[in-house]
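Trainee: my questions concern the predicted model and sequence given below.
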Amino acid sequence: MRRIISVLLENEAGALSRVAGLFSARGYNIESLTVAPTDDPSLSRMTIVTSGTDNIIEQITKQLNKLVDVVKLIDLTEGQHIERELMLVKVVAAGNEQREEVKRLVDIFRGRIIDVTESTYTLEMTGNGDKVDAFVQALSQVEIIEVVRSGVSGIGRGKRALSA
Amino acid sequence: MQLTGADIVVRCLQDEGIEFLFGYPGGAALHIYDALYKQDQVKHILVRHEQGATHAADGYARATGKPGVVLVTSGPGVTNTITGIATAYMDSIPMVVLTAQVPSHLIGDDAFQEVDTVGITRPCVKHNFLVGDVDSLADTLKKAFYIASSGRPGPVVVDIPKDITANLAEYAYPESVDMRSYQPRTRGHSKQVKRGVDLLLSAKKPIVYTGGGAVLGDAEDVLQKMVNMLGYPSTSTLMGLGAIPASNETFLGMLGMHGTYESNMAMHDCDVMFAVGARFDDRVTGELSKFSPNARIVQIDIDPSSIGKNVGVEVPIVGDCKEVLEQMVQLLEPRIDEIDRGEVNKWWEQINRWKSIDSLAYKTNDEKIVPQLVVERLGEITNGEAYVCSDVGQHQMWAAQYYAFEKPRRWINSGGLGTMGFGLPSAMGVQLAYPDSTVICITGDASIQMCIQELSCCLQYGLPIKVINLNNQYMGMVRQWQEFFYDRRYSHSYMDALPDFVKLAESYGHIGMRVQEPSKLDATLEEAFALTDRLVFVDVITDPTVNVYPMIAGGKGHNEMHLAPGQEEVKERELA
C-alpha cells in the first residue's frame, strides 16, 4: 500500500544520505523523496512516498526513528492529509491550434503557462499525484519535451501537525 | 587556556575515563599521536593491523561493558577497520572509533590516503560524525560516547581532519548530553509490562528465550531471579550465553541451528514464549514459516525495530532488559501462585524426555582427539569461569555447546557478522581489561591465520592468552556443509601448506605446544594453563571428520533437527 511518511530531521550534512542509505540497504521502495529546511533552519522536513505491506511500513518507520538524526516522524496516510506535487512540463506549442489546445487543457487542470517561446510552452501544475498523472495523460496528443516533478509534499489536515 | 585539537582529543579520552586506546599511527593522525606521547593516563595499545584494533576494543567492551576505543589514520587505516566496525555493529557493541582524515581543504580532492570515511562506514555504524571545526570537537566526542553506550549500543565513528587537530580552542568537556533527536527509552510501558506478566502467568508450556541484550543490559541477576521464581524452562541464543548459568536447573542449553534438541523442541511446542533481548535471528528461528506455530510471544527489547521484525509479537515491551525485568518481577512476586503448576510440570516431563536423548553426546577414541572433548576439558580446568574468545566456524559452535558458561560477559564471539579473525585480537582486549584472569582464545587453523599478526602485539604487552587451536586442517564448517549439501565436493576448504604453528608461536616469542594423542591432551592443557604469565599456543591436532551436531538444516523447523550419527536411534528408543 502507498504511504506518505513525513520526517523531521536535523539539518546536518549527511542526514539525507542516511535515509537514502537505509532504504537501499534494506530494500525498501522509494517512490519519491523531497527534503528542504523548515522555518527552523536547524531542522529539515522530508516527505517520503513509499509502499509495502503493513509489516514493512512498520519496519520503515521504526528504522527511520532509529536514525540518530531523525527527530520525529509521522505516517500521514494514517489520517486525513493533503498532498501536493509540483510539475513543470515543457511542450511543443507551434501552430495556433496546438497553442489553443494546450492552453485549454492547462485551464481545465488549473495550471499555468509560465514561459512562452515561438515553439514551446512551459507549464506549471500543482496537485496530488493523481491529478498530476492525469494531466500528463491529457497531454497525450501534445509533444512533451521534458517533465520535471518535485515529488510529493504532504501535511496533515486540521490540527494534526508534525513539529519538534 | 587554549589547547590544540589533538590535545583536546586526548583530554576528552582522559575525562571520559578511557583506560585503553587501540590504534595504529599514520600521517593524518600524527598530531594526535604526538599528544598521546605527552601523557600516560590513556594507554595506547599498538596493534599490528587496524582490524586487530577494532576487535581488541570490541573484546574489551564485551568483557567490561565499557566502550572500546580505537584510533587509526585516514584512508587504508579506516578501510582496515570496516570489518571490526561491522562486527561490533551486528552484535550491538559500544565502541568509539576515532579516524584521522586528510586536512579539511583537501577533502574531496582525492588526496593521499583519503577515503570518504563517513560514507564508507555509514551502513555499519550506529552513527558517525565528520568534525567541522575544533570548537565542536569536545562536544562531538561526548556525543559519540553517549550514543555508543546508551540505548541499543553500537559503534560510532568520529572523523577528524588533520588541520582540526592542530587548531586551537578552549577546552571544556560537557558533563551531559541532551539531543532532541536521540532519547532512548529504558523503562517499560507499565500497561505493557502488566500484559506481559498476565500472559506469562497463564502459560502451560512456557519457554524463556534470552539473547545478547540480556548480557549487554547487565540483566543477569534479575533474569536468574525471574526464571527461578517462574520455574519455567529457559534457553539462550549464542550471544546470550552465561546470563543464565549453564548449571541453572531451568537451563536447556543453547537454541537454534546448533542448539540442543530439547531447547529447539521446547521453542517449537511452547504456548508462551518470553524473549528477553533476543532478535529472532535466522540462525535461531530456522524456517520462519515453521517457527513455533502456537506461541504467544512477549518480547523485551530496547530497540523497537527488533520487535516484530521477523516474528509477530503479542506483547511488545520497549525498554532496557534489566529495568523491565525488575518491573515484571515486582508484579510477578505477589501473583506467582497463579501459575498452573500441574500443567507446567507436565511440560517439564515432556522436556525431560527430549533431554534424555542427550543431543550433545559424542564419541571419543584412542586414536584421534575429538574437538568437543577439548572444549569440555577447558571448561572443567577453568570451572566455566574463564573468558573464552572464539573465532568463527565449527570450533565456535563447540565452544558454545560444551564450555558451560556460568557467568555473562565471559563468552566473546562474533555472532552476528561471523568474523573469522576476531578471536585473538578480542582476547587481547579482554586480557588487558582483566590481566589476572584466564583468557582463552578457542580458534581453528583457518580463522587464526586471519589476524595472526597480533601475536606480536601480545608479546609487546605481555598478554598471557591461552590460544587453543583446534587444528583439523580444514575450514571445518565449510567442509561440513560441503559434506552435507554438496555431495562431499570439498571445494577449496582444505588448508594445504599450513604453517608449523608451534614454531610460528615461538618465532613471535611465545610458547608453542602440539598435542595429537588423546592420552596426552589433559597433561598438555594443564601444562599450558600452569604457565600463567606467558602466552601459550596449543596446536591441537583433531579428527578432521567430526561435524557439529545437532543441526537444523536450511528450510527446516525447530522440530526437524538432524541428530548426530547414533543419536537418532537413541531418540526413537527414548521417545517410543
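Mentor: Arrived safely, thanks for sending.
Trainee: the residue lying closest to residue B:184 once chain neighbours are set aside: which element?
Mentor: With sequence-adjacent residues excluded and distances taken as CB to CB, 6 or more residues apart in numbering or on different chains, residue B:184 is closest to residue B:151, at 3.0 Å. All C-beta spots, glycine's among them, are computed from the backbone N, C-alpha and C. Counting by DSSP states H and E, there is no helix or strand that carries residue B:151.
Trainee: tell me the SS of residue B:512?
Mentor: With DSSP: H, G, I helix; E, B strand; the rest coil as the basis, residue B:512 sits in strand.
Trainee: quick check: residue B:475 touching residue B:493?
Mentor: Yes. Under the criterion of CB atoms under 8 Å, residue B:475 makes contact with residue B:493 at 4.6 Å.
Trainee: between those two, who's got more neighbours?
Mentor: A direct count of neighbours by other CB atoms under 10 Å in any protein chain shown for residue B:475 and residue B:493 places residue B:475 higher, at 23 against 19.
Trainee: who touches the more buried one in this structure?
Mentor: B:393, B:444, B:446, B:493, B:495 (CB atoms under 8 Å, 6 or more residues apart in numbering or on different chains).
Trainee: what residues does chain B have near chain A?
Mentor: By the rule CB under 8 Å from any CB of the partner chain, the part of chain B lying against chain A is B:118-119, B:122-123, B:126-128, B:130, B:147, B:179-182, B:303-305, B:308-309.
Trainee: report the buried members of those.
Mentor: Buried members of those, scored by 16 or more other CB atoms under 10 Å in any protein chain shown, are B:118, B:122-123, B:126-128, B:130, B:147, B:181-182, B:303-305, B:308-309.
Trainee: show me these that map onto strands.
Mentor: In strands, judged by DSSP state E, the following of these are found: B:127-128, B:130.
Trainee: chain A: which of the residues you listed is nearest?
Mentor: Using CB to the nearest CB, residue B:127 is the member of those that sits closest to chain A, with 4.2 Å.
Trainee: per-residue pLDDT, the closest one?
Mentor: With respect to pLDDT, residue B:127 has a value of 98.
Trainee: so who does it touch?
Mentor: A:68-69, B:144, B:147, B:154, B:156 are the contacts of residue B:127 under CB under 8 Å, 6+ apart.
Trainee: how near is it to residue B:355?
Mentor: Noted for residue B:127: a distance of 44 Å to residue B:355, by CB to CB, to the nearest Å.
Trainee: residue B:206 too?
Mentor: In this structure, residue B:206 and residue B:355 are 16 Å apart, going by CB to CB.
Trainee: is it true that residue B:328 touches residue B:198?
Mentor: No. With contact defined as CB under 8 Å, residue B:328 does not reach residue B:198; the gap is 10.7 Å.
Trainee: number of residues surrounding residue 62?
Mentor: You didn't say which chain, so I picked chain A. For residue A:62, using other CB under 10 Å, the count is 16.
Trainee: correction: the question concerned chain B.
Mentor: 30.
Trainee: doesn't it fall inside a strand?
Mentor: No. According to three-state DSSP, residue B:62 belongs to no strand; its state is helix.
Trainee: just checking, it touches residue B:414?
Mentor: No. Under the criterion of CB under 8 Å, residue B:62 makes no contact with residue B:414, lying 10.0 Å away.
Trainee: any shared contact partners between those two?
Mentor: The contact sets of residue B:62 and residue B:414 overlap at B:91, B:426 (CB under 8 Å, 6+ apart).
Trainee: can you pull the contacts of the nearest residue to residue B:22 once chain neighbours are set aside?
Mentor: In space, and not counting its chain neighbours, residue B:22 is closest to residue B:53: 4.0 Å by CB to CB, 6+ apart. Contacts for residue B:53 (CB under 8 Å, 6+ apart) come out as B:22-24, B:45, B:47, B:70-72, B:81, B:84, B:425.
Trainee: who wins for most neighbours among these?
Mentor: Counting neighbours by other CB under 10 Å, residue B:84 leads the contacts of residue B:53 with 36 neighbours.
Trainee: where does that one land in three-state SS?
Mentor: Classification of residue B:84 using three-state DSSP returns helix.
Trainee: without its sequence neighbours, what residue ends up closest to it?
Mentor: Closest residue in space to residue B:84, ignoring its immediate chain neighbours: residue B:54 at 2.3 Å, by CB to CB, 6+ apart.
Trainee: residue B:463 too?
Mentor: Distances taken as CB to CB, 6+ apart put residue B:431 closest to residue B:463, at 4.4 Å, once the chain neighbours are dropped.
Trainee: helix or strand: which one has the residue of chain A found nearest chain B?
Mentor: In chain A, no residue comes nearer to chain B than residue A:62, which is 3.8 Å away by CB to the nearest CB. In this structure, residue A:62 sits in helix A:54-66 according to DSSP H and E.
Trainee: so where do the strands sit in the stretch 351-500 of chain B?
Mentor: Using DSSP state E, counting those that start in this stretch, the strands assigned to the stretch 351-500 of chain B run over residues B:387-390, B:411-412, B:439-444, B:466-471.
Trainee: want to throw the ones you listed into TSV with mean pLDDT, mean neighbour count and distance to residue B:225?
Mentor: Below are those laid out as TSV (pLDDT from 0 to 100; neighbours: other CB atoms under 10 Å in any protein chain shown; distance: least, CB to CB, whole Å):
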stretch	mean pLDDT	mean neighbour count	distance to residue B:225
strand B:387-390	98	30	25
strand B:411-412	98	26	21
strand B:439-444	98	30	29
strand B:466-471	98	28	33
